[in-house]
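Chemist: Any chance you can model this:
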Amino acid sequence: MTLLTSRFSDAQNPKPRAAEGDTQRSVFSSSFAIQRRVVSALILRDMKTRFGRTHVAYLIAIAWPLIHMLGIMGVQFAIGRVVPIGTDLAVFAATGLLPYILCIYPARMMMQAIKINQPLLLFSIVKTTDMLIARAILEILSAALVAIIFVLIMYASDVDLTPIDMSEAIMAVLGSIYLGVSVGVLSAVFFILFGMGWNVFFIVLSILLYATSGALILSSNYSSDVLDVLWYNPLFQLVEWMRTAYYDSYANSPLSKTYVLGFATVSLFLGLVTERIFRGRLYQA
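Modeler: Predicted coordinates:
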């Protein structure tokens, strides 16, 4: 804590530099340098408070989403489910579960970004936006690590996760993380405004979105009327996006990249605007 306090103090009172360097540095670059130090301190604090002082604790946190995916996949194999498309049930399950994990886990952790760091608002240099940026960076790195480890586990298990279209698969992964972080920013503000009621609502909504995401069911198995409703589920769109990278038969998928990216962008925009409008209340809550 002493180290983190000194970092915040250093950010608030940066060391003087040579006169020539000060005259060349713009106001923007000076503000950015201070914010960078604040965000770095917040990332370190997040890592220490959430994962402890050992790397093992961080690995355990990374293991949870992996266990989640592998557990569901294990159940599919245990019940002897016939693969709905393609030749490998593991690939089908992975393409449905990975978008959900890379979206919901970051969103859920982003939701706590402001709440658990509120005492730091006593430092005038620390802003709620700094907390959101710091948590977003940490969650993006964690989600990327989860995706990499999951792929390595699959290859170690002789499961070939090589997509037909690598660029589409990568974009689906990035889209999932982007949606998770964007919804997380909005949820972080709502969590302060509405308390545990929003937390319960978020959990119920996550379950509902997952149940209607088509993660374990082919979209072609739904009727057109049902598809018209599921189309508005951004997780459904992400699963469709991921599967278009793996299956040729998904060429006629009801995928709309514009919708899912637009949904994420609007969520991020609303989160930032709401944070600005209720900033005083966020500081006092």
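Chemist: low-scoring stretches of this protein, by residue?
Modeler: Applying pLDDT under 70 to the chain flags residues 1-28, 51-55, 57, 285.
Chemist: At the geometric centre of it, which residue do we find?
Modeler: residue 106 (3.0 Å; C-alpha atoms, centre = their mean).
Chemist: Is it correct that it is in contact with residue 145?
Modeler: No - here residue 106 does not reach residue 145: they are 11.7 Å apart, not a contact under C-beta atoms under 8 Å. Quick note: C-beta positions are derived from backbone N, CA and C, even for glycine.
Chemist: if we can go back for a sec, tell me how many other residues crowd the nearest residue to the residue nearest to the centre of the chain once chain neighbours are set aside.
Modeler: Closest residue to residue 106 apart from its sequence neighbours, by C-beta to C-beta, 6 or more residues apart in numbering: residue 180 at 3.6 Å. Neighbour count of residue 180, defined by other C-beta atoms under 10 Å: 29.
Chemist: elements contacting whatever helix or strand residue 180 lives in?
Modeler: Using DSSP states H and E, residue 180 maps to helix 166-194. Applying 3 or more C-beta pairs under 8 Å, 6 or more residues apart in numbering; DSSP states H and E, one finds that helix 166-194 makes contact with helix 89-110, helix 128-156, helix 196-211, helix 234-244, helix 257-277, helix 279-284.
Chemist: let's see it at 6 Å
Modeler: helix 89-110, helix 128-156, helix 196-211, helix 234-244, helix 257-277 (3 or more C-beta pairs under 6 Å, 6 or more residues apart in numbering; DSSP states H and E).
Chemist: contact partners of the first one?
Modeler: Pointing back at helix 89-110 there. Applying C-beta atoms under 6 Å, 6 or more residues apart in numbering, the external contacts of helix 89-110 come out as 65, 69, 73, 76, 83, 86, 135, 139, 143, 159, 176-177, 179-181, 183-184, 188, 206, 210, 215-216, 235, 238-239, 242-243, 246.
Chemist: go on, the fourth one?
Modeler: Judged by C-beta under 6 Å, 6+ apart, the contacts made with helix 234-244 from elsewhere in the structure are 95-96, 99-100, 168, 172, 176, 179, 209, 213-215, 230, 250, 253, 255, 260, 263.
Chemist: Give the buried residues for it.
Modeler: Along helix 234-244, these residues count as buried under the neighbour rule (16 or more other C-beta atoms under 10 Å): 234-244.
Chemist: do you know how far the closest residue to residue 147 other than its chain neighbours is from residue 220?
Modeler: In space, and not counting its chain neighbours, residue 147 is closest to residue 173: 5.7 Å by C-beta to C-beta, 6+ apart. Taking C-beta to C-beta, to the nearest Å as the measure, residue 173 falls 23 Å from residue 220.
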